[in-house]
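**Q** Please find the sequence and the predicted model below.
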Amino acid sequence: MNAVTVRTATKADFAQVFPLIQALWSYNVYDEAATRAVYEQIVRDAQCGGQSHSFAFVARKRDEAERADGGDIIGFCHGDFFNTLWMCGKTCYLSGIITAESERKRGVGSAMLAAVKAVARERGAKAIILESGLSRTEAHRFYEAHGFEKTCYGFELTLG
C-alpha cells in the first residue's frame with residue numbers, strides 16, 4: 001500500500017483530473033471546456049469551507065506530494081451536501097470517487113474516503129450516500145468493505 005496524501009482540489013489540478021474522469025466514465029464523451037467549467041464551479045464552491053455545499057479532493061503519493069511540482073494526481077473525489085426529509089437532516093452525496101487504474105487496491109480510495117467521512121462528520125451529515133453503476137462490481141466490494149450497504153436502485157432521466 002502506498003502512503004497517500006489527500007488535499008482539497010484546486011483549479012490548477014484540472015489537467016491531471018480530466019483524464020481520470022474520462023477513464024472512469026468511458027461510455028461518455030467529455031467536452032473538455034464544458035467539463036472544466038463544471039469542475040471549476042465545484043472547486044470554487046468547495047473552497048468556501050463550512051459554508052459550502054460541495055467538497056473536492058485530490059490524492060497523490062506521499063513521496064511525490066513533497067516534490068516541487070506536487071507530483072502526479074492519482075485520485076479525485078467530489079460531492080455535495082443537502083438536506084433530506086428521509087434522513088431528517090443533512091446528507092453527504094459522494095458524487096464521484098476515482099482512482100487511477102494503476103493505483104487501485106493501494107489505499108488511494110480508502111484515503112479519499114477517509115477525507116470524505118471527516119468532512120461529512122465536520123459538517124453534521126447523518127449519512128454518506130452514493131451511486132455506482134451496476135457493472136462496477138469491484139467498486140461495490142470496495143464500498144461494502146468500508147461499511148456501505150446496498151439500499152436502493154438508482155434511476156436516471158436525461159433531460160434534453
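**A** Great, that's in hand. All figures in this text were calculated on a predicted structure; none of them were measured in a lab.
**Q** What ranges does this protein have for its helices?
**A** Ranges of helices in the chain, per DSSP state H, are 14-24, 32-46, 62-65, 108-122, 137-145.
**Q** show me where pLDDT drops low in the protein?
**A** By pLDDT under 70, the low-scoring segments of the chain are 1-2, 49-51, 64-70.
**Q** what residue is smack in the middle of it?
**A** A centroid search over the chain (C-alpha atoms, centre = their mean) returns residue 77, at 1.6 Å, as the residue closest to the centre.
**Q** What's the separation between that residue and residue 130?
**A** 10 Å (C-beta to C-beta, to the nearest Å). Where you see a C-beta, it was placed from the backbone N, CA and C, and this is true even at glycine.
**Q** can you list residues touching both of the two?
**A** Overlap of the contact sets of residue 77 and residue 130 (by C-beta atoms under 8 Å, 6 or more residues apart in numbering) consists of 94, 97.
**Q** Span of stretch 80-93 from start to end?
**A** End-to-end span of stretch 80-93 (C-alpha to C-alpha, to the nearest Å): 5 Å.
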